[in-house]
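Student: coordinates only, sequence not included:
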């Protein structure tokens, strides 16, 4: 397998914008995959943001040296999405509920304060 290299800037930015733990993200994705009454939605119909969230979970479980080119592409997409929707300042802000749900689907909780 060809070695992929993630830049220091992307590595740090990804881990800044993905502010949910693996457990929090996994719990959130499970919640989003079920309906209001807890029943499973159609398992064959996966939402793109849930697929992205699953990939983020996989990245969080990897060492930096084990990242693939696809992982690096996903990291870039996540950083770009969060920065587009949140801007440079990541101060806690509930904002629109649909936007909050979307952000949380790939690991960013807009209500969490930035790390000091």
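Tutor: Received it, and whenever you're ready, just let me know what you need. As the structure is a prediction and not an experimental result, all values here were calculated from the model.
Student: Now residue 115: which helix or strand?
Tutor: Assigned by DSSP states H and E, residue 115 belongs to no helix or strand.
Student: remind me, longest helix of this structure?
Tutor: Of all the segments of type helix in the chain, defined by DSSP state H, the longest one is helix 69-86.
Student: Next secondary structure after it?
Tutor: Downstream of helix 69-86, the first helix or strand assigned by DSSP H and E is helix 97-105.
Student: Give me the angle between the longest helix of the chain and helix 97-105.
Tutor: In terms of direction (axes from the mean of the first three to the mean of the last three Cα atoms, to 10 degrees), helix 69-86 departs from helix 97-105 by 150 degrees.
Student: tell me the mean pLDDT over helix 69-86?
Tutor: Averaged across helix 69-86, the pLDDT comes to 93.
Student: what helices or strands is it leaning on?
Tutor: On a contact count with 3 or more Cβ pairs under 8 Å, 6 or more residues apart in numbering; DSSP states H and E, helix 69-86 meets helix 8-17, helix 48-60, helix 97-105. In this view, the C-beta of every residue, glycine as well, is placed from N, C-alpha and C.
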